[in-house]
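In: output the structure for:
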Amino acid sequence: QVQLVESGGGLVQPGNSLRLSCAASGFTFASYALNWVRQAPGKGLEWVSGIKSGGDRTSYADSVKGRFTISRDNGKNMLYLQMNNLEPEDTAVYYCAKDGGSWSGYGMDYWGKGTLVTVSS
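Out: Numbers count the residues shown, from 1 in each chain. Modelled structure (predicted):
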């Protein structure tokens, strides 16, 4: 079955960096777009970034544009999120989510359990 397992979260000071990873299995990884979605304490889900199946197209929320970089390794079935210049407002549980198609518009059909990122001094 489809499995998405996030890792790399933790406590980091403002201005520092963190790299999240998502290990995927149970589906043809290279055929589907993938996303990062976050949920801050007491708030709703916020889409953060998406990457096309082939890795040749990416998209970001305005709140993270220029600070976060999404990437994937289709040979290793891995998704990444490099987060630089972190801000306290980035504190959230970060989820890896599989899209229903090769790019956006199909909806996210599988989700991981999330990894917590806390940005605090």
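In: number of nearby residues for the nearest residue to Gly15 once chain neighbours are set aside?
Out: On the basis of CB to CB, 6 or more residues apart in numbering, the spatially nearest residue to Gly15 that is not a chain neighbour turns out to be Asn85, at 6.0 Å. Where C-beta positions appear, they are placed from N, C-alpha and C, glycine not excepted. Per other CB atoms under 10 Å, the neighbour tally for Asn85 reads 13.
In: equivalent analysis for Gly101, please.
Out: Gly101, neighbours per other CB under 10 Å, totals 14.
In: where does the spatially most central residue of the chain land in three-state SS?
Out: By CA atoms, centre = their mean, the chain has its centre lying nearest to Trp36, at 2.5 Å. Classification of Trp36 by DSSP: H, G, I helix; E, B strand; the rest coil places it in strand.
In: residues in contact with the closest residue to it other than its chain neighbours?
Out: Using CB to CB, 6+ apart and skipping residues adjacent in sequence, the residue nearest Trp36 is Val48, 4.3 Å away. Taking CB atoms under 8 Å, 6 or more residues apart in numbering as the criterion, Val48 is in contact with Asn35, Trp36, Val37, Arg38, Tyr60, Ala61, Ser63, Val64, Phe68, Leu81, Tyr94.
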